[in-house]
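J.: From the sequence below, what's the structure:
(one chain, ligands or ions: 1)
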Amino acid sequence: MAFAGTGTIWMNGKLVDWKDATIHVASHVIHYGSGVFEGARCYETPRGSACFRLDAHMRRLQQSAKIYRMDYPLDLAGWQTAVLDTIRANTMKACYIRPIVYRGYETLGVNPLTCPVDAAILLWEWGAYLGKEALEEGCDVKVSSWSRMAPNTLPALAKSSANYANSGLIKMDALADGYSEGIALDVYGNVSEGSGQNIFVVRDKIVMTPPIASSILGGITRDTIITLAHDLGFTVQETVIPRELLYIADEVFFVGTAAEVTPVRSIDKITIGAGRRGPVTEAIQRTFFDVINGEVPDTHGWLTYVYEDEAALRAPQRAVAARS
Ligand SMILES: Cc1ncc(COP(=O)(O)O)c(C=O)c1O
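T.: Residues are numbered from 1 along each chain as shown. You can find the predicted model right below:
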């Protein structure tokens, strides 16, 4: 969906009109991919708008910047305040949140250190990433002919713009073959992740996901799902997953801030389980949506309310009381 092109964007501490939030074509990031960014979401809940795991997202932004030797003069609290201020300035109720730290305009050459470190925060409305229908029906995917980055090449744990050149190849490979998404293997041939999602496999009620060392981004939704699956009483294993385990799994699902929890119904034209959302995926998905939408008590402290006055005006946990 095209941008509405309205509202304001935070740029190095100033709010500027969407149309004026531009950078010079000679900026380092454009030529060398020297940016790190985040993708978080703000949801409309019964108590008002709330960001999901904002602290974890901003911490990962700081860590991505650290890996790339980019210092930006904001601490964790400062980043969170900047995001909340931007949402308030745009009076958004629900939105996707995209902070980015990047090497700006000064000189051009491979060495990024000669260029300033700049930052921006933009917001837009973004619905179900793989389509609303896929949340229930599941999606058809392929194992990509592109692998994730080898260790010690591009750091997978940094959410860097450069890594998304690889993600783009995986996505285009899938789309060109008529699939909605691709699953990348790591360079050892084991399952890594989707182009912009982590992956879970369910077999005999055990919930498995590749470990951090399988060239994955350490997803915040992945961490959330591990916690919620434990809460629901499932055994969760972070374990190396060979490709063929995908085909004989009972259930497979993607997770991510954009994809949320999306079932996979076929891989390489092999039907997964019953070919639709399975019971474990459904239980985890329902719990996830209840948590992010503020429909159950926030026992893990994952929600940051944006408009405190709005939260105070409403009966706390009204929806919860109504459901129990
Ligand atoms: C490559 C990749 N893996 C995993 C994820 C999921 O991460 P998160 O749950 O933090 O959004 C993303 C999300 O942007 C991603 O781009």
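
J.: Compute the distance between the spatially most central residue of the chain and residue 7, please.
T.: Among the residues of the chain, the one closest to the centroid is residue 257, at 3.3 Å (CA atoms, centre = their mean). Applying CB to CB, to the nearest Å, one obtains 20 Å for the distance of residue 257 from residue 7. Where you see a C-beta, it was placed from the backbone N, CA and C, and this is true even at glycine.

J.: Confirm residue 58 sits in a strand?
T.: No - the assignment for residue 58, made by DSSP: H, G, I helix; E, B strand; the rest coil, is helix rather than a strand.

J.: Could you find the closest non-adjacent residue to it?
T.: Distance criterion CB to CB, 6 or more residues apart in numbering; nearest residue to residue 58, sequence neighbours excluded, is residue 79 at 4.0 Å.

J.: residue contacts, that neighbour?
T.: By CB atoms under 8 Å, 6 or more residues apart in numbering, the residues touching residue 79 are 58, 61-62, 99.

J.: Make a markdown table from these and add distance to residue 145, neighbour count and secondary structure to it.
T.: Formatted as a markdown table, the contacts of residue 79 follow (distance: CB to CB, whole Å; neighbours: other CB atoms under 10 Å; DSSP: H, G, I helix; E, B strand; the rest coil):
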| residue | distance to residue 145 | neighbour count | secondary structure |
| --- | --- | --- | --- |
| 58 | 35 | 25 | helix |
| 61 | 31 | 25 | helix |
| 62 | 34 | 17 | helix |
| 99 | 32 | 23 | strand |
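
J.: got TSV for those residues, with distance to residue 265 and pLDDT too?
T.: Below are the contacts of residue 79 laid out as TSV (distance: CB to CB, whole Å; pLDDT from 0 to 100):
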residue	distance to residue 265	pLDDT
58	35	98
61	34	98
62	37	98
99	34	98
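
J.: hang on, isn't residue 52 packed against residue 303?
T.: Yes - taking contact to mean CB atoms under 8 Å, the distance of 6.5 Å between residue 52 and residue 303 places them in contact.

J.: Find residues that contact each of these two.
T.: Overlap between the contact sets of residue 52 and residue 303, as judged by CB under 8 Å, 6+ apart, is nil.

J.: how much space between residue 61 and the ligand?
T.: Residue 61 sits at a distance of 11 Å from the ligand (criterion: CB to the nearest ligand atom, to the nearest Å).

J.: try residue 158
T.: With the distance defined as CB to the nearest ligand atom, residue 158 ends up 11 Å from the ligand.

J.: Widest-spaced pair of the contacts of residue 79?
T.: Taking CB to CB as the measure, the contacts of residue 79 span a maximum distance of 10.4 Å, between 62 and 99.

J.: For the residue of the stretch 51-200 of the chain found nearest the ligand, give me its contacts.
T.: The stretch 51-200 of the chain approaches the ligand most closely through residue 196 (3.7 Å), counting by CB to the nearest ligand atom. Contacts were defined as CB under 8 Å, 6+ apart; by that measure residue 196 touches 129, 167, 171, 256, 258-259.

J.: Would you format those as a markdown table with neighbour count, secondary structure and distance to residue 184 included?
T.: Converted to a markdown table, these look like this (neighbours: other CB atoms under 10 Å; DSSP: H, G, I helix; E, B strand; the rest coil; distance: CB to CB, whole Å):
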| residue | neighbour count | secondary structure | distance to residue 184 |
| --- | --- | --- | --- |
| 129 | 19 | coil | 17 |
| 167 | 19 | helix | 8 |
| 171 | 20 | helix | 10 |
| 256 | 23 | strand | 14 |
| 258 | 17 | coil | 16 |
| 259 | 23 | coil | 14 |
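
J.: Intersect the residues you listed with the contacts of the ligand.
T.: Filtering those for proximity to the ligand (criterion: CB under 6 Å from any ligand atom) leaves 167, 256.

J.: Around the ligand, which positions in the stretch 51-200 of the chain sit nearby?
T.: Contact residues, the stretch 51-200 of the chain versus the ligand (CB under 6 Å from any ligand atom): 167, 193, 196-198.

J.: Would you tell me which one of these comes nearest to residue 13?
T.: The nearest member of those to residue 13, counting by CB to CB, is residue 196 at 28.7 Å.

J.: which phi and psi does that closest one have?
T.: Summarising the backbone geometry of residue 196 under the convention degrees, to the nearest 10, its torsions are phi -150, psi 30.

J.: any idea how far residue 103 is from it?
T.: The span separating residue 196 from residue 103 equals 23 Å under the rule CB to CB.

J.: And for residue 43, the neighbour number?
T.: The local packing count at residue 43 equals 17, with neighbours defined by other CB atoms under 10 Å.

J.: correct me, but it touches residue 292?
T.: Yes - applying CB under 8 Å, one finds residue 43 in contact with residue 292, separated by 5.3 Å.

J.: Need the overlap of contacts for the two.
T.: Taking CB under 8 Å, 6+ apart as the contact criterion, the common neighbours of residue 43 and residue 292 are residue 52.

J.: does residue 149 really touch residue 167, like I thought?
T.: No - taking contact to mean CB under 8 Å, the distance of 10.3 Å between residue 149 and residue 167 leaves them out of contact.
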